[in-house]
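> Have a look at this prediction, sequence included:
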Amino acid sequence: MTTEAGSETEIKEKAEGSVAQPDQSEATEENQEVVNSESATTEGVEEKKEKEKEGKGISRFLPPWLKKQKSQGQVVPKETSPTKEVPSTQEEVGKVKEEEEEPAPELNGHAEEVEKIEEVKLEEFKEKEAESHSNASADTQPAKEEKIEENIEEIPEETKPAPEGEEQAEEHQQQQEEEKKEQAEEVEGQGEGGEEHPSIFQSPLRLVRKAKMKMVVCHVTLLDGTDFSCEVEKRAKGHYLFFKTCEHLNLLEKDYFGLTYKDSHEQRCWLDPTKEIKRQIRSNNWQFAFNVKFYPPDPSLLTEDLTRYLLCLQLREDVASGRLPCSFVTHALLGSYTLQAEFGDYEPDQPRPLDSISQLTFAPNQNKEMEEKILELHKSHRGLTPALADTQFLENAKKLSMYGVDLHHAKDSEGVDIMLGVCANGLLVYKDRLRINRFAWPKILKISYKRNNFYIKIRPGETEQFESTVGFKLPNHRSAKRLWKVCVENHSFFRLNTPEPPTKARFLTLGSKFRYSGRTQTQTRLASSLIDRPAPNFDRTSSKRISRSLDGAPVISITEAGRVSSPTSLTGAGNGREPTLELHSDSKSPLRVHGDNIYVRHSNLMLEDHDKTQEEVLKHQASISQLKRSFMEAPPPSPPQPNQWEKRLTSSPATTLRIQQQQGVSVTQTEATPADDANFSDTKELGKTTEVEIEETVVIQEVSKATKPAVVTVTASPSPAAPPQREVSEQEVKAAEEATLQEAKGGKQESVSSESESEEEAEYHPNVPSSISHTQIPEEKEEEEEEGEAEREQEEDKSIGNTVASQEAPLVPVEVSPSAEASSGEGEKSRTEGKEEGEGETEESTEDPMVTPDEAPNGHALPEEGITGLIALAEEEETPKVNGDASLAEAERRPQVICCSEPPVVKTEMVTISDTFAAQKTEIATKEVPIVHTETKTITYEAAQLDGSGDGEPGVLMTAQTITSESLCTTTTTHITKTLKGGLSETRIEKRIVITGDSDIDHDQALAQAIKEAKEQHPDMSVTRVVVHKETELAEEED
Amino acid sequence: MANMCPYGRFTHAVVRGIPETFGTVAGAGHENGENSVDLAKAQRQFGVLTGALRQKVGLQLIEIPPDPELPESWRIEDVAVIQGDTALMTRPFKDQRRSEVEAVRRVMSELNLTVVEMGSEEGGSGGATLEGSDVLFTGREFFVGISSHTNHRGAEVLADTFRDFAVSTVPVCGGARLKNICSMGGPNAIIISSSDGAKKTLRMMEQLTDHHYEMLTVPEDSAANCIYIKGPSNVDYLLHRTSDECPDSVPAFQKLPDYTLLPAACSEASKLGASLSSLCLLINRKHTYF
């Protein structure tokens, strides 16, 4: 890889920097400042570019970071680049940079500015950190806050260059402040229970300005009909109000719920938690309703009665209003359970029971006969507690065919009126009341809308060769978008393990960046399983509401239903098989091979979210700086050791760098292993990573026939900083079932995006882990689709080799990890494929371990280093593990444990050359597979390691996504593992980003982004390890 | 939901005897001229079937006397769709058959079923036709075959009647009626013919369903229509065509674990496009809500 040299050096510096204490960093930062100031003042992207071009590919992307790191060792930040081994590569990089000029410069500028700010605050920050460290209990949060503050301050500066930026910066500040507030609140409120971590509530995205902003009173209609008033700042985001409401309700399992508002057209819309409320409601009508957003297919799996009660309330209203159609008998039965829950046992003495019962509305067409039937059934429920009655209610309601189905009016391609129902299992098509078609999520490759058209691209059936696209006409653009959003959210919630990060890279995506930002069902189940507070008391008072609000509700008809809520849940019936759709297809999908991959192409268009782009960019940068900070700080103080990357072996206490040459696939797998930090358990079995790690693997795919994939892995572990924190973090994690998960995946993720920054925006391909279906969710596609597809195909052809590898790699973890979700047949298939491939790769990868030992010794004189080397080995060997060698993995892991005890990080470089790269792909690739000789390097950064001796628990693959542009293919895999150990729970999130791309790709940038994103996603966690794999073509490629 | 329980529990069977006019098309005179239909044989086969239902399976059998004026009244399955406590009286495609409903309706009322009228619901908007032999109820959902005898309007009425359930429409290919190519073979199993048309219908059903069913594919169309009943002591009874009538399929039935197979010939009725299930309505009056 061209960038290799640069990146290596950079990385080293980074590592050093991270090790370095704040004090050291200060000095360096000054230097940086100078540099920064230059660049900043000049607006001059060009100047910066030039500098960067000089040889620092990495510096550009990681400005803040690198600079800090550099500070330790050396004053000259940018000059580090000279170390590059391959001159030619530098040139290439330069070219690339030139090409990329536009996007890159901006980023640089921002980052640099940020750095300045950092300087100023550095001291403060240090102090705070000290505090945080000292405080065992409060630890992580304070740290966060500090970080946040820094960010806030930084942000304003960043924004300077861009006029618009200021506002956003303010928002950021607000957000941050808000977070702090909320955290504080949370801490207070939940101190008793201790179940939830404050972090849960923090969402970096929330914006509320305390003093400056005007306050507005929001009215939220709760499910029991009561009104909840809440004062929020005018610029507060949806999150804030929603959390306030949940707090009011004392609701923990809140992910099934949401707030709705009526738009200017009287349509009920879901309040986007990540956006400002004000911008959504538009009409200054601060009226909201608290509703069930995702109907749990199996309510019995809910943890708390309170949650079930709220679900009952929603369903009662759904039933009474006719939105949830049911038969007479079912009406009566549900009504009788309602009576039992509300009034207890039937009282024969009660005078004229029929009179009182007729005050209540149970059905849209309630009549005397029904009421009598209700009473009759009520008698039979004697003895049922309210909670049991609710449970029975739900058990019956969940079986209704329209349970959780959110209906939308539409017309089919022939103009016939139909209803589209979104639910947990997929998309249903109704004509009148008849189901005439059904598209299960696994069958849907892409969801998009354009104007008032709504499209789904269907995976070809067994006997079909081509994908097909089905189009529907919605009444208008708004409804099309609303439907699209509901689909995106439901797919994410029910189908994914982890929400896909919204695409932040505006370069890559022009379409809507909207993504589901909350926790998925899998996550929320996991989270709620950890709730251990005593069952909260609550009053059942719904009866009033029922009587008053439901009278005269329209008779249920499919047509009528569906407006208000977009609940989607299924009765819980599994679809064992996938229905075969017969449609005509336009294009072949190479994806088919993988079975689950989805390719989405956004050619251009994005609309509503456009304004946000700026904001997001800023956030992004802020997050980068944050990331860098955390990374540096995370490791316990250790003197930075200047390392020569080129020398291949260097160790810095805080960081471990590894360079491996492997095949892309194997590399990826390998990385998974490294993720283990001391904190986390080492005993993991294959594929089961117990720690919270964030690994991001970036693979860059090159358009040119020669493919040079690079893999960057960033591992973040919660509580990397200090041992004291560790406890805290553990606690957090624990309680934080919600906190960690939520933040990681939820609100915070919103802001996260795995971007490979290339100016060209092309396609966004959300990739779902093999076990899960991949769905593309482009908002609008361009008309260029055909072209795009053609391009895509080309890309794929070229990159198949690499891409496959990269894509597959993420899959591997999936295999290993038991995923809570039942995997559909497809999923299994794909898994199998993945395994096979993985195994094949394993053999190849075996080489690495061999190499590693040698390397390890080189860099380090210290025994620690040796250990580190072992660790590296272990990590590397993980690949084999993943593939199937459990024994190896375990053996290797032990060394890691040792390492954990020893904070110092060792850098190791491994080089392996393998030609076999293409072999695996061949099977996968539909078309010709280019054979590439590859050179792979793996660089691992390890930050502080905590002792971890957790029992390895199977990790869960939360997310996998692939973003493909013309020249880049980015696959992001998120792996979450939770470990319960001695009452402490640890959550490790591994994020792996694989970027495959043309020669022009800047790996440094990719790395920077990966780290940044990781940090962004998991503000309370720190990045413990960064692994970079680079693959370079050694020789000619065969086409 | 209240009415949702595994398929196969029945307490009653309603049948209607074979009239002397068996084989003649109502209102159409003797245009068939079918000598091939053997009335006596048909009645014997009918007797075997009803006997099995009553004595082997143990259902309460309600037999409505035949009406010579209604030559097709023995196809009692067509005139009602029963699920739980609700009986939807259908509107057969042929006008001549619509009066068959009356007798059945009385029986339904006597059984305390909630009788829903199709004709009245549609309010004379007309056009809605539905015959029970185009309706496959799986215990979890309805599939309505759109055939020459059943149209979308009819399916809508059915969907409106049984609101708890998903009602999916599927094209009927490879057979005049949906039930001619498939039937329930267990609480979670569908027996389906291997003909191309049946496969097409099957694909559609698989596409539309949220549930997973076991599929028992049989080589002969005639074998695809069976009657499955879960007996009082959890015995699985399967009434199927005799090995004479579907020699290739019987082995498949015999492989069903722990099933009590009750072969019943239906050669005469099948000449008229009917099959075993056409001859009876199955009802479950022991309803438990949950």
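Looks like it came in fine.
> which intervals of the stretch 451-600 of chain A have sub-threshold pLDDT?
Applying pLDDT under 70 to the stretch 451-600 of chain A flags the ranges A:501-513, A:541-600.
> What are the boundaries of the helices in it?
A:477-490, A:521-529, A:542-549 (DSSP state H, counting those that start in this stretch).
> So which of the ones you listed is nearest residue A:315?
helix A:542-549 (10.7 Å; CB to CB). No exception for glycine: its C-beta is placed from N, CA and C like everyone else's.
> can you tell me which residues contact residue A:300?
Counting by CB atoms under 8 Å, 6 or more residues apart in numbering or on different chains, residue A:300 touches A:391, A:394, A:395.
> Could you export those as JSON lines, including neighbour count and pLDDT?
Shown next, in JSON lines, are the contacts of residue A:300 (neighbours: other CB atoms under 10 Å in any protein chain shown; pLDDT from 0 to 100):
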{"residue": "A:391", "neighbour count": "20", "pLDDT": "94"}
{"residue": "A:394", "neighbour count": "24", "pLDDT": "95"}
{"residue": "A:395", "neighbour count": "16", "pLDDT": "93"}
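> Save those as a markdown table, and put in secondary structure too.
Output for these, formatted as a markdown table (DSSP: H, G, I helix; E, B strand; the rest coil):
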| residue | secondary structure |
| --- | --- |
| A:391 | helix |
| A:394 | helix |
| A:395 | helix |
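> For chain B, tell me which of those residues show up nearby.
Counting by CB under 8 Å from any CB of the partner chain, residue A:395 from the contacts of residue A:300 sit close to chain B.
> Out of the helices of the stretch 451-600 of chain A, flag the one nearest chain B.
Shortest separation from chain B across these is recorded for helix A:477-490, at 14.3 Å, computed as CB to the nearest CB.
> which one of the contacts of residue A:300 is nearest chain B?
residue A:395 (6.9 Å).
> Please pull out the lowest mean pLDDT helix or strand from the chain.
With no chain named, the answer covers chain A. strand A:700-701 (a mean of 30; mean pLDDT, DSSP states H and E).
> Sorry, I should have been clearer: chain B.
That would be, for chain B by mean pLDDT, DSSP H and E, helix B:118-122 at a mean of 60.
> Would you pull up how far the next helix or strand after it lies from the middle of the chain?
Counting by DSSP states H and E, the next helix or strand C-terminal to helix B:118-122 is strand B:135-137. Remark: strand B:135-137 is offset 8 Å from the chain centroid, using CA atoms, centre = their mean, to the nearest Å.
> Pairing partners for strand B:135-137, with directions?
For strand B:135-137, the paired strands and their directions (DSSP bridges) are strand B:141-146 (antiparallel).
> which residues are contacting the strand it pairs with?
A:401, A:434, B:83, B:130, B:134-137, B:150, B:152, B:154-155, B:158-159, B:162, B:165-172, B:177-179, B:201, B:205, B:208-211.
> Filter those down to the buried ones, PyMOL style.
Per 16 or more other CB atoms under 10 Å in any protein chain shown, the buried members of the contacts of strand B:141-146 correspond to this PyMOL selection:
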select buried, (chain A and resi 401+434) or (chain B and resi 83+130+134+135+136+137+150+152+154+155+158+159+162+165+166+167+168+169+170+172+177+178+179+201+205+208+209+210+211)
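> So which of the contacts of strand B:141-146 are in helices?
B:152, B:154, B:155, B:158, B:159, B:178, B:179, B:201, B:205, B:208 (DSSP state H).
> Where does the stretch 101-250 of chain A get nearest to chain B, which residue?
residue A:223 (21.5 Å).
> Poorly predicted segments of chain A, please.
In chain A (pLDDT under 70), the answer is A:1-213, A:350-355, A:501-513, A:541-1007, A:1010-1011, A:1013-1039.
> Same question for the stretch 101-250 of chain B.
In the stretch 101-250 of chain B (pLDDT under 70), the answer is B:119-126, B:174-175.
> Just give the closest residue to residue B:249, not the sequence neighbours.
The shortest distance from residue B:249 to any non-neighbouring residue, by CB to CB, 6 or more residues apart in numbering or on different chains, is to residue B:223 (3.3 Å).
> For that neighbour, grab the count of nearby residues.
Close neighbours of residue B:223, defined as other CB atoms under 10 Å in any protein chain shown, add up to 28.
> And it, its phi and psi?
When read as degrees, to the nearest 10, the backbone of residue B:223 gives phi -80, psi -10.
> before we move on, what about residue A:427?
Dihedral pair for residue A:427: phi -110, psi 130, per degrees, to the nearest 10.
> For it, which non-adjacent residue is spatially closest?
Residue A:427 sits nearest to residue A:439 (CB to CB, 6+ apart), 4.4 Å away.
> and the angle from the helix or strand that the one you found is a member of to strand B:141-146?
Per DSSP H and E: residue A:439 is located in strand A:434-440. Computed by axes from the mean of the first three to the mean of the last three CA atoms, to 10 degrees, the angle separating strand A:434-440 from strand B:141-146 equals 120 degrees.
> quick one, strand A:434-440 and helix B:152-161 angle?
Using the same axes, to 10 degrees: strand A:434-440 against helix B:152-161 is 80 degrees.
> neighbours around the residue nearest to residue A:427, how many?
23.
> from what I can see it touches residue A:425, true?
No: counting by CB atoms under 8 Å, residue A:439 stays clear of residue A:425, with 9.3 Å between them.
> Helix, strand, or coil at residue A:279?
helix.
> how near is it to chain B?
Using CB to the nearest CB, to the nearest Å, residue A:279 is found at 37 Å from chain B.
> try residue A:310
21 Å.
> so what's that residue up against?
Per CB under 8 Å, 6+ apart, neighbours of residue A:310: A:223, A:249, A:251, A:257, A:292.
> so the last one sits right up against residue A:311, yeah?
Spelled out, that is residue A:292. Yes: in this structure residue A:292 lies within contact range of residue A:311 using CB under 8 Å: 5.9 Å.
> joint contacts of these two?
residue A:256.
> Output the helices of the stretch 451-600 of chain A in JSON lines, with distance to chain B and mean neighbour count appended to each entry.
Formatted as JSON lines, the helices of the stretch 451-600 of chain A follow (distance: least, CB to the nearest CB, whole Å; neighbours: other CB atoms under 10 Å in any protein chain shown):
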{"stretch": "helix A:477-490", "distance to chain B": "14", "mean neighbour count": "23"}
{"stretch": "helix A:521-529", "distance to chain B": "16", "mean neighbour count": "23"}
{"stretch": "helix A:542-549", "distance to chain B": "19", "mean neighbour count": "18"}
